[in-house]
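Enquirer: Give the three-dimensional model of this entry:
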Amino acid sequence: MKRLIGFCIVLTFVTSACKQADLPELDLAGEWNYKLDIQEIGEKEKWFTTDFQGKVKLPGALRDYNIGDEPTLKTDWTGSIYDSSWYFNPAMEKYRQPGNVKFPFWLTPVKHYKGIAWFQKEVEIPASWEGKDMIVFLERPHWQTTVWIDSLEIGSDNSLSSPHQFIIPAATVSAGKHKLTIKVDNAIRDIDPGVNSSSLTDHTQGNWNGLVGVLKIYPVSNVRIDQLKLIPNLANKSIQVDVKLNSVLSKGSLEFNIKGQNFDAQIAKISKNWEDDKSSMTFEISMGEAIKTWSEFSPDLYEMTVSLKENSETIDTKDVQFGMREFTVNGKHFENNGIPVFLRGTTECCVFPLTGYPPTDKKEWTRIFNICKDFGLNHMRFHSYCPPEAAFCAADEAGIYLHVEGPSWAKYSTTLGDGKPIDDYLMKETKRILDTYGNHPSFVMMAYGNEPSGNYVPYLENWVDHFKAYDSQRVFTGMSSGRSWAIIENSDFIDRSPPRGLEWNNKQPESVFDYNNKTESQERPYVTFEMGQWCVFPNFDEIEKYTGSLKAKNFELFKEDLADHHMADLADDFLMASGKLQASCYKQEIEATLRTANLAGFQLLSLNDFPGQGSALVGVLDAFWDEKGYITANEFKRFCNEVVPLVCLPKFTFQDNETLKAEVEIANFSGNVLENSTVKWKLSNKSAEMLKEGAFEPTSIPVGQNNKIATLEIPLNFVEKAAQFTLSVSVGEYENSWKIWVYPVSKSEINKENIVIFEKPGPELEEALSNGKSVLLLAAGNVENGKDVVQYYVPAFWNTSWFRMRPPHTTGILIQNEHPVFDDFPTENYSDLQWWEISNHQQVMNLENFPVDFRPLVQPIDTWFMNRRLAMLFEAKVGNGKLMVCSADLSTDLGQRPVAGQLKQSILNYMKSDQFVPETQIDYEVIEELFEKKEREGWKSYVREDP
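Expert: A predicted model of the protein is given here:
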């Protein structure tokens with residue numbers, strides 16, 4: 001036994017619990033031997049009887065130790081490449097060369113291996129284990145395993161979601177040294193979950209091969225507890241405990257010991273007799289009078305120790321972490337313990353850029369959930385995968401509601417409901433997930449997975465019915481999906497995409513709209529699926545953070561291409577300007593959701609970046625959950641929180657003869673009525689000086705949204721010149737704010753002597769410049785070089801590669817706001833809301849023929865897949881004259897377009913001043929080329945189904 005103490009520990013991992021029971025075990029972490037089975041001959045040749053020479057440390061993946069092949073053009077990836085133009089685009093030729101392969105689709109593993117690998121370790125079984133069954137426990141293999149002890153095959157498993165556990169029968173193994181061999185296969189065989197499933201795709205974690213998490217062998221009683229299922233009953237202040245044993249038991253009993261895990265509480269031990277010759281029983285255990293419930297506000301946890309006794313001797317013990325909570329549906333809303341809940345969530349797609357695979361330690365999940373809370377979130381959806389035990393434990397402690405999915409996106413490479421092996425697999429896998437993690441109070445929602453194809457409706461209707469009957473502890477929906485998929489009518493709730501987006505294509509921004517008309521008249525909770533997806537320019541400083549087995553070769557490619565287009569110095573400016581626009585879009589969309597009475601919550605896609613599918617940089621955080629510098633957690637939390645003040649502004653741009661009128665309301669999901677609360681408001685200028693303030697009559701604000709407070713009215717006749725203001729509304733510690741812009745109705749006449757205005761180049765314009773005139777070229781509608789770039793006010797959705805250059809193509813606008821041309825036009829360096837009138841559906845100019853160091857005054861930020869040097873406003877010396885060129889419409893209907901009128905006024909004021917001294921000399925032919933109709937090299941799809 002002295003030898004045993006050296007490598008045994010006394011903590012054992014119990015699949016339904018976070019605290020580990022006091023049983024001996026062999027920790028299998030450490031050095032293993034391995035061998036790759038490239039030809040798939042190992043089983044036929046009985047490799048389990050041979051010794052392997054390769055060395056690797058487990059837990060881990062092969063690629064963590066530089067094992068596998070260098071990625072090449074012929075690598076057999078797991079994941080669809082929707083836009084394969086990279087393989088054929090001449091501009092990408094240098095990134096297709098051996099030694100310099102840089103894929104734009106996803107993060108690139110240092111080494112890639114798909115197939116069978118064998119792992120082997122010598123273990124020593126102590127004499128005290130003789131006569132007992134033993135469990136080989138593999139927490140998170142990837143993903144199909146077969147286990148041998150010496151030459152005896154113990155079993156196989158293929159779960160992508162729950163631990164693989166194998167029983168070594170007591171009669172088969174004696175004390176002493178034995179060879180443990182595990183075959184791991186990460187290739188898709190008969191069971192295809194879908195190549196884009198987050199459970200295995202190269203788009204996120206990568207289809208790695210290995211064993212991570214807890215690895216161990218431990219002895220168990222011949223009669224033991226197989227499963228504990230806990231069902232709280234708040235009305236009765238009790239907990240129902242369903243106990244299943246592995247076999248029948250005679251003359252047995254159970255002892256229940258319950259205490260508070262994160263608070264001081266101890267319930268007296270309760271003993272219950274086990275009925276003879278039964279393998280399962282149900283018990284009702286009183287929790288006492290002073291129970292504590294689990295919620296996002298008070299995540300109070302209990303720990304139950306269940307001891308199985310035979311003839312008064314304890315033969316097995318299990319610990320279970322649980323919470324007293326009832327997550328239910330009440331009409332169109334969720335309730336937790338009878339209190340309305342509004343889900344503010346993000347979608348997690350197994351994005352862990354150092355390893356690829358999800359962490360199995362609670363510390364990292366605690367960090368992630370704390371960040372979510374810092375940003376005002378209370379919810380996380382796991383897209384087509386189920387996280388490890390540590391995630392549930394951390395969510396329990398943080399008070400995060402979890403939506404878990406089976407490991408399948410049954411599209412692209414497979415279908416659902418057509419009799420394929422995936423159909424049966426998902427039924428088994430769902431049961432494994434529920435049985436393994438179902439006692440965690442954070443686990444409140446479940447779906448089969450993401451957006452299937454095939455005959456999925458009857459299959460998912462059966463799936464929902466089956467698991468609603470099997471498990472009463474959570475609510476079920478058939479799938480999470482976009483608008484093109486059918487609704488599974490027997491679902492407890494809907495997780496679907498129509499109630500999202502900003503309706504600013506043809507109308508100016510406002511904060512009155514909501515999504516009430518987009519919830520398909522559902523009389524059950526409706527959660528917005530994958531909201532947001534607003535792109536931001538890449539943060540190239542992030543590249544150095546990829547110190548693990550995945551490298552940001554995609555970022556390297558984008559960075560080099562930006563430099564090839566002579567804009568390397570603008571990378572940080574592009575990030576900040578596009579990021580500010582992205583954050584503004586998220587604010588407007590989340591606030592609209594909070595104004596929607598019949599919505600039960602939203603799930604962003606996502607708070608952090610998604611590194612795959614063409615590199616979907618849609619997060620305000622990077623893939624490491626770190627801030628990028630353009631919005632902080634506190635700033636985000638102002639409009640995404642348990643309590644959010646809202647104002648219904650019909651517009652954000654005004655004239656000085658108007659009165660700002662807005663309905664003020666409060667979304668209150670704090671769990672409590674805000675009694676006798678005073679809602680305050682203030683108006684500040686750009687220097688943060690308060691100009692006006694007020695307060696409304698104290699009132700009690702109930703839990704829920706659409707709590708109308710009053711109508712705010714602010715006459716704007718005090719404004720003397722074009723200015724930006726901030727309107728803030730607060731209640732208690734919660735404050736939210738909005739920028740507004742006010743422009744004067746009357747504008748001073750400008751002496752246009754020596755200023756000539758044209759709409760397109762021609763002999764007269766050239767002559768004016770030759771004669772030293774100041775020329776304003778208002779070129780809207782006449783641009784040719786750049787007309788293939790489609791610009792909306794909002795940034796590109798997801799990314800232009802995955803959607804094959806579907807517009808819009810830009811990610812915002814960089815503005816040289818310190819330039820005197822904007823002295824009479826208040827603006828930041830990004831396209832804030834007032835720029836909608838100037839930028840939405842407006843032409844841009846491609847400056848590819850301009851000097852490489854030429855910088856425009858207003859520069860649309862192109863998709864990082866093209867990195868074209870664009871402009872909407874620039875100045876230059878041409879001939880003997882001075883030229884200002886604007887491709888935005890500053891001429892049409894200016895009486896109804898005060899923002900465009902003000903910008904034009906500011907431009908003219910500048911051109912008339914002594915400050916109008918353009919620095920760069922540009923040949924007239926270069927200007928003229930912008931308006932020539934001719935064939936130009938543009939984006940080509942090159943798309944094939946398989947590259």
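Enquirer: make it CA atoms for all contacts and neighbour counts henceforth
Expert: Noted.
Enquirer: Quick check: which helices or strands does the one helix or strand residue 574 maps to pack against?
Expert: Element membership for residue 574 (DSSP states H and E) is helix 571-594. Judged by 3 or more CA pairs under 8 Å, 6 or more residues apart in numbering; DSSP states H and E, the packing partners of helix 571-594 are strand 810-815.
Enquirer: which other residues reach the strand it packs on?
Expert: The contact list for strand 810-815 (CA atoms under 8 Å, 6 or more residues apart in numbering) reads 535-537, 573-574, 577-578, 581, 789-796, 828-831, 857-863.
Enquirer: how about the nearest residue to the residue of the chain most remote from its centre, chain neighbours excluded?
Expert: Distance from the centre of the chain peaks at residue 771, with 57.7 Å (CA atoms, centre = their mean). Spatial nearest neighbour of residue 771, chain neighbours left out: residue 880 (6.2 Å); criterion: CA to CA, 6 or more residues apart in numbering.
Enquirer: burial of the one you found, as a residue count?
Expert: 16 (other CA atoms under 10 Å).
Enquirer: Is it correct that it is in contact with residue 770?
Expert: Yes. Shown here, residue 880 and residue 770 form a contact pair, counting by CA atoms under 8 Å, at 5.1 Å.
Enquirer: Please save the CA atoms from stretch 675-686 in PDB.
Expert: Provided in PDB are the C-alpha atoms of stretch 675-686 (Å, rounded to 0.1, in the frame of the first residue of the first chain):
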ATOM      1  CA  GLU A 675     -40.700  50.600  -4.900                       C
ATOM      2  CA  ASN A 676     -41.200  54.400  -4.800                       C
ATOM      3  CA  SER A 677     -38.500  55.000  -7.400                       C
ATOM      4  CA  THR A 678     -37.600  58.300  -8.900                       C
ATOM      5  CA  VAL A 679     -36.600  58.300 -12.600                       C
ATOM      6  CA  LYS A 680     -34.200  61.200 -13.400                       C
ATOM      7  CA  TRP A 681     -33.000  62.700 -16.700                       C
ATOM      8  CA  LYS A 682     -30.300  65.100 -17.800                       C
ATOM      9  CA  LEU A 683     -29.000  66.700 -21.000                       C
ATOM     10  CA  SER A 684     -25.300  67.300 -21.300                       C
ATOM     11  CA  ASN A 685     -23.100  68.800 -24.000                       C
ATOM     12  CA  LYS A 686     -20.000  67.200 -25.600                       C
END
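Enquirer: now the angle from the helix holding residue 574 to strand 810-815?
Expert: 120 degrees (axes from the mean of the first three to the mean of the last three CA atoms, to 10 degrees).
Enquirer: What are the contacting residues of the very next helix or strand once past helix 571-594?
Expert: Scanning forward in sequence from helix 571-594 by DSSP H and E, the next helix or strand is strand 601-604. For strand 601-604, the surrounding residues in contact (CA under 8 Å, 6+ apart) are 342-347, 379-381, 526-533, 593.
Enquirer: Now with 10 Å, please.
Expert: Applying CA atoms under 10 Å, 6 or more residues apart in numbering, the contact partners of strand 601-604 are 333-334, 341-348, 377, 379-381, 403, 495-497, 499-500, 525-533, 586, 590, 593-594, 618-619.
Enquirer: roughly how far out does it sit from the chain middle?
Expert: Its chain's C-alpha centre and that of strand 601-604 lie 10 Å apart, by CA atoms, centre = their mean, to the nearest Å.
Enquirer: With just CA atoms, put it into CSV.
Expert: Provided in CSV are the C-alpha atoms of strand 601-604 (Å, rounded to 0.1, in the frame of the first residue of the first chain):
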residue,chain,number,x,y,z
GLY,A,601,-35.0,37.0,-24.1
PHE,A,602,-32.2,37.1,-26.6
GLN,A,603,-29.0,35.1,-27.4
LEU,A,604,-26.2,37.1,-29.1
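Enquirer: Mind listing what's buried along the helix holding residue 574?
Expert: Residues 571, 573-594 are the ones in helix 571-594 that count as buried (16 or more other CA atoms under 10 Å).
Enquirer: In helices, which of the contacts of strand 810-815 fall?
Expert: 573-574, 577-578, 581 (DSSP state H).
Enquirer: And these, which is closest to residue 148?
Expert: residue 578 (54.9 Å; CA to CA).
Enquirer: So that closest one is in contact with residue 830, correct?
Expert: Yes. Contact criterion CA atoms under 10 Å: residue 578 and residue 830 qualify, at 7.1 Å.
Enquirer: Overlap in contacts, those two.
Expert: Common contact partners of residue 578 and residue 830 (CA under 10 Å, 6+ apart): 812-814, 860.
Enquirer: Turn the residues you listed into a markdown table, including pLDDT and neighbour count.
Expert: As requested, the shared contacts of residue 578 and residue 830 are arranged in a markdown table below (pLDDT from 0 to 100; neighbours: other CA atoms under 10 Å):
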| residue | pLDDT | neighbour count |
| --- | --- | --- |
| 812 | 98 | 33 |
| 813 | 98 | 28 |
| 814 | 98 | 24 |
| 860 | 98 | 30 |
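Enquirer: In TSV, list the residues you listed along with distance to residue 194.
Expert: Output for the shared contacts of residue 578 and residue 830, formatted as TSV (distance: CA to CA, whole Å):
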residue	distance to residue 194
812	34
813	38
814	40
860	37
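Enquirer: which ones are touching the residue nearest in space to the middle of the chain?
Expert: Central residue of the chain (CA atoms, centre = their mean): residue 606, 2.6 Å from the mean position. Contacts for residue 606 (CA under 10 Å, 6+ apart) come out as 345-349, 380-381, 530-534, 616-621.
Enquirer: I'd like the distance between it and residue 26.
Expert: 40 Å (CA to CA, to the nearest Å).
Enquirer: SS state for residue 319?
Expert: With DSSP: H, G, I helix; E, B strand; the rest coil as the basis, the three-state label of residue 319 is strand.
Enquirer: For it, give the beta-bridge partners.
Expert: Residue 319 forms beta bridges with residue 305, as assigned by DSSP bridges.
Enquirer: tally of neighbours for it?
Expert: Quick note: residue 319 (other CA under 10 Å) scores 24 neighbours.
Enquirer: So it is in contact with residue 229, correct?
Expert: No. Using CA under 10 Å, residue 319 is not in contact with residue 229; the gap is 11.8 Å.
Enquirer: so residue 226, which of the three states?
Expert: Residue 226 - assigned by three-state DSSP - is strand.
Enquirer: give me the element the closest residue to it other than its chain neighbours is part of.
Expert: Closest residue to residue 226 apart from its sequence neighbours, by CA to CA, 6+ apart: residue 245 at 5.0 Å. Assigned by DSSP H and E, residue 245 falls within strand 238-249.
Enquirer: average pLDDT across the helix or strand just after that strand?
Expert: Next along the chain after strand 238-249, taking DSSP H and E as the criterion, comes strand 252-260. For strand 252-260, mean pLDDT rounds to 96.
Enquirer: Give the partner strands of strand 252-260 in its sheet and their orientations.
Expert: Here, using DSSP bridges, strand 252-260 pairs with strand 266-274 (antiparallel), strand 302-310 (antiparallel).
Enquirer: That strand to strand 238-249, inter-axis angle?
Expert: Using the same axes, to 10 degrees: strand 252-260 against strand 238-249 is 150 degrees.
Enquirer: what separates strand 252-260 from the chain centre, distance-wise?
Expert: 40 Å.
Enquirer: Please apply the same query to stretch 770-785.
Expert: For stretch 770-785, the distance to the chain centre is 44 Å (CA atoms, centre = their mean).
Enquirer: returning to what we had before: CA atoms only for the helix holding residue 574, dumped as CSV, please.
Expert: Extracted in CSV, the C-alpha atoms of helix 571-594 (Å, rounded to 0.1, in the frame of the first residue of the first chain):
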residue,chain,number,x,y,z
ALA,A,571,-5.4,48.9,-38.8
ASP,A,572,-6.0,50.3,-35.3
ASP,A,573,-8.1,53.2,-36.5
PHE,A,574,-10.2,50.8,-38.5
LEU,A,575,-10.7,48.6,-35.5
MET,A,576,-11.8,51.4,-33.2
ALA,A,577,-14.1,53.1,-35.8
SER,A,578,-15.8,49.9,-36.8
GLY,A,579,-15.9,48.8,-33.2
LYS,A,580,-17.7,51.9,-32.1
LEU,A,581,-20.3,51.4,-34.9
GLN,A,582,-20.7,47.7,-33.9
ALA,A,583,-21.2,48.6,-30.3
SER,A,584,-23.9,51.2,-31.3
CYS,A,585,-25.7,48.6,-33.3
TYR,A,586,-25.7,46.1,-30.4
LYS,A,587,-27.1,48.9,-28.1
GLN,A,588,-29.9,49.7,-30.5
GLU,A,589,-30.8,46.0,-31.1
ILE,A,590,-30.8,45.0,-27.4
GLU,A,591,-32.9,48.1,-26.4
ALA,A,592,-35.4,47.2,-29.1
THR,A,593,-35.6,43.7,-27.6
LEU,A,594,-36.2,45.1,-24.2
